[in-house]
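**Q** Return atomic coordinates for the entry below.
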Amino acid sequence: MASDLRENMDFEAEVRRVAEAVWGLDAGDCNPKYYEMEKSISEIDGFAETRETINLIMVTVSTKLDKIKSDVRKLGAAERLEKNPLKPIKKWMITKSQLDAQLIKHCHENGVTVKTLSQFSALFLTIIITLK
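**A** Next up is the predicted model:
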């Protein structure tokens with residue numbers, strides 16, 4: 001069980017490092033965010049603010065429906081708390097494995113962009129190629 005927790009924490013840290021690269025942030029600029037007063041959220045796995053967007057990230061190694069639904073609810077609640085008239089909010093679900101069609105549909109219906117870590121990492125490469 002402790003090794004599962006360590007694996008999850010390591011995966012979350014890797015996603016945050018990739019997010020910093022994708023959005024051109026300094027190391028350490030994408031961090032978990034705690035919501036002490038909002039028990040339905042507790043925390044989100046990544047919060048990254050750029051000049052243009054507030055990015056809210058949930059990270060999971062699970063492909064279970066209940067876990068995905070719970071994370072999507074957390075992202076929705078965090079979006080309501082972070083609402084900013086000057087910056088749009090982008091919600092992300094980054095997974096270790098590809099989700100099935102039902103789970104992807106649920107995320108999309110709730111305004112959440114779903115990517116595996118590999119797909120999310122590819123965004124960085126696309127940005128680099130576009131800039132050249």
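**Q** hey, where'd the strands end up in this structure?
**A** Assigned by DSSP state E, the chain shows strands spanning 31-35, 42-49, 54-60, 89-95, 112-116.
**Q** mind listing what's buried in the first one?
**A** The reference is to strand 31-35. Applying a neighbour-count criterion of 16 or more other C-beta atoms under 10 Å, one finds Lys33, Tyr35 buried in strand 31-35. In short, each C-beta sits where N, CA and C put it, glycine included.
**Q** thinking in terms of the whole chain, how far from its middle is it?
**A** Relative to the chain's own centre, strand 31-35 is displaced by 12 Å; criterion: C-alpha atoms, centre = their mean, to the nearest Å.
**Q** Show me the strands paired with that strand, marking each as parallel or antiparallel.
**A** Sheet pairing here is set by DSSP bridges, and for strand 31-35 it gives strand 42-49 (antiparallel).
**Q** quick check: angle from the strand it pairs with to strand 54-60?
**A** On the basis of axes from the mean of the first three to the mean of the last three C-alpha atoms, to 10 degrees, strand 42-49 is oriented at 130 degrees to strand 54-60.
**Q** just to revisit the earlier point, any chance of the strands of the chain in a markdown table with mean pLDDT as columns?
**A** Converted to a markdown table, the strands of the chain look like this (pLDDT from 0 to 100):
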| stretch | mean pLDDT |
| --- | --- |
| strand 31-35 | 95 |
| strand 42-49 | 95 |
| strand 54-60 | 97 |
| strand 89-95 | 97 |
| strand 112-116 | 97 |
